[in-house]
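Student: could you work out the structure for the sequence below:
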Amino acid sequence: MKQFVLILGLIGLSFSSFSQAPAVLSQRAQAEVVDSWLEERIQTLLPKLMTETGIDMWIVMSREYNEDPVIRTLLPATWHAARRRTILVMYQPGPNQAVETYAVARYDVGKSFKRAWNPEQQPDQWDALLKIIQDKKPSKIGLNFAKDYGHADGLTHFDYEEFTKRLPQALKSKVVSAQTLAVRWLETRTASEMATYKHIQELAHYIIAEGLSDRVITPGVTTTDDVVWFYREKIKEMKLDTWFHPTVDIQRPDPNSQEAQRSFAVRPESQVIMPGDLLHIDFGITYLRLNTDTQELAYVLKAGETEVPSFLQDALKVGNRLQDILTSNYKTGLTGNEILRNARKQMETESIRGSIYTHPLGFYGHSAGPTIGMWDNQGDTPGAGDFPLHENTGYAIELNAVVFVKEWNKDVRIMLEEGAFFDGEKVTYYNGRQKSILAIPRVQNYLGY
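Tutor: Presented below is the predicted three-dimensional model:
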């Protein structure tokens, strides 16, 4: 009887992490954090980036419900869209000087962008914008049109035409693409954001772990779609958001089922989860305007098993080794294409099969910055792959290693993804990375084997 009570107590301990969820701020507190971060970015980061890129006037404009991806990061937390046509102007009088900010709109836009247009005195919004330009006499006027990044291409064709046809001829030659400035704004993380990103990733890990447990999964009953929708409900329950629909898929011991050959372009159909299945989850949350993108693995124990088979844990180690190869090749100034080539050369030297498809992570899940491989292209990615690596930037370290598992007589694809930060010298995972496949149930925690 004492042994039974002890086991029950330890069972409770094994799930204590599920009952102690990481804190999530109230909606009001979240808005206060987002707005304070925005002010910090405008005051401390924007001057550096405008000086770096040589653009002394940056104009970002959008019409309501057709928002530029950049303007979404400049609006206050209580704004869910632009209003009518919202035009934000950022002007830097000289290198490294504070940036002057104006809203050519009917309203103040947050704390920084004060209204610089009175429709009662000047009915034409475009003329109000042109007056600021003529008064400030910028040498370069950056607009959000871009070839390589959709994030930096948010200026609509109509607004571009309206702006340029009204711009005096003498100023037309000053108009340039703000692509690099927009990317640098989106990719660069401040100290305040980085202080919180570990917590955001911890939230994602907490939710993933609960979904990949017998709190959610009953083998022979629960389907992969059931788990997917558990995640969607859990995200809402915790007052979080997601930027994509999660996926849960299965690899099985059957050598006739070649899941490792499945194209990522095809979403797997829902399946009933069974003992002996290797589960894979792709999952992301959005919190405080920052995103996670995480892939992890779990194994459903068969009758008599008390831990994940060692041959699967060994396969995971190959995936971890590929992560190490990739992150060791992060060098400031190298392009995404160069990092990919260097990493692939090293993985081939070590006879590791697999693919690397790592991307920036931040205000957007698939964010702006250097692309390091694509799942359907392991060669150079023109444009986004040519962008250089900068310090204080975040990434989803995403890849897979294909490992032949003789016990299953087939290839198994170890698909991994973890959020990480590059400080200019090294890559650090926000909240660690998976180094052991999760067991379902976690019986090794409480049966004492």
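
Student: K234: neighbour count?
Tutor: Residues lying near K234 (other C-beta atoms under 10 Å) number 18. Backbone N, C-alpha and C define where each C-beta goes, glycine included.

Student: let me see the confidence value for S263.
Tutor: Looking at S263, its pLDDT is 77.

Student: burial count for it?
Tutor: Neighbours around S263, by other C-beta under 10 Å: 7.

Student: is it true that it lies in a strand?
Tutor: No: assignment of S263 by DSSP: H, G, I helix; E, B strand; the rest coil gives coil, placing it outside any strand.

Student: what's the spacing between it and D376?
Tutor: Note on S263: its distance to D376, by C-beta to C-beta, to the nearest Å, is 8 Å.

Student: what's the neighbour count on P388?
Tutor: So P388, with other C-beta under 10 Å, has 14 neighbours.

Student: my guess is it contacts P370, does it?
Tutor: Yes: if you go by C-beta atoms under 8 Å, P388 and P370 touch, sitting 6.6 Å apart.

Student: any shared contact partners between the two?
Tutor: T335 (C-beta atoms under 8 Å, 6 or more residues apart in numbering).

Student: just the helices in the stretch 251-400 of the chain please.
Tutor: Along the stretch 251-400 of the chain, the stretches classed as helices by DSSP state H, counting those that start in this stretch are 310-328, 336-349.

Student: which one of those lies nearest to R166?
Tutor: Closest to R166 of the helices of the stretch 251-400 of the chain, according to C-beta to C-beta: helix 336-349, at 38.1 Å.

Student: what's around the closest residue to A439 other than its chain neighbours, how many residues?
Tutor: Distance criterion C-beta to C-beta, 6 or more residues apart in numbering; nearest residue to A439, sequence neighbours excluded, is V308 at 5.2 Å. Neighbour count for V308, taken as other C-beta under 10 Å: 21.

Student: with D411 instead?
Tutor: 17.

Student: and what about it, helix, strand or coil?
Tutor: strand.

Student: so how far is Y299 from it?
Tutor: 17 Å.

Student: can you check D314 too?
Tutor: D314 is 13 Å from Y299, by C-beta to C-beta.

Student: do I have it right that E350 meets D324?
Tutor: No: using C-beta under 8 Å, E350 is not in contact with D324; the gap is 10.4 Å.

Student: in stretch 59-67, what counts as buried?
Tutor: Within stretch 59-67, the residues scored as buried using 16 or more other C-beta atoms under 10 Å are 59-63, 67.

Student: need these in a markdown table with distance to G333 and secondary structure, can you?
Tutor: Formatted as a markdown table, the buried residues of stretch 59-67 follow (distance: C-beta to C-beta, whole Å; DSSP: H, G, I helix; E, B strand; the rest coil):
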| residue | distance to G333 | secondary structure |
| --- | --- | --- |
| I59 | 29 | strand |
| V60 | 28 | strand |
| M61 | 33 | strand |
| S62 | 33 | strand |
| R63 | 38 | strand |
| E67 | 33 | coil |
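
Student: return the closest of those residues with respect to Y330.
Tutor: V60 (30.1 Å).

Student: please parse this structure into its domains.
Tutor: Domains of the chain are assigned by automatic domain parsing as 27-186, 189-445.

Student: quick one: which of those domains is nearest Q20?
Tutor: domain 189-445 (8.7 Å).

Student: you'd agree S192 is up against V34?
Tutor: No: S192 lies out of contact with V34 (C-beta under 8 Å); the separation is 11.0 Å.

Student: counting neighbours, go ahead and name the busier of these two.
Tutor: Neighbour totals were compared for S192 and V34, and V34 leads with 18 against 13 (other C-beta under 10 Å).

Student: contact partners for the more buried one?
Tutor: Contacts of V34 (C-beta under 8 Å, 6+ apart): 76-77, 288-289.

Student: same question, T44
Tutor: Applying C-beta under 8 Å, 6+ apart, the residues near T44 are T190.

Student: that one belongs to a helix?
Tutor: Yes: T44 forms part of a helix when assessed by three-state DSSP.

Student: so how far is N96 from it?
Tutor: Applying C-beta to C-beta to T44 and N96 gives a distance of 11 Å.

Student: try E350
Tutor: Separation of E350 from N96 (C-beta to C-beta): 45 Å.

Student: ok, back up a step: JSON lines for the buried residues of stretch 59-67, including distance to A303?
Tutor: Rendered in JSON lines, the data for the buried residues of stretch 59-67 read as follows (distance: C-beta to C-beta, whole Å):
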{"residue": "I59", "distance to A303": "66"}
{"residue": "V60", "distance to A303": "60"}
{"residue": "M61", "distance to A303": "63"}
{"residue": "S62", "distance to A303": "58"}
{"residue": "R63", "distance to A303": "61"}
{"residue": "E67", "distance to A303": "54"}
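
Student: all set, thanks.
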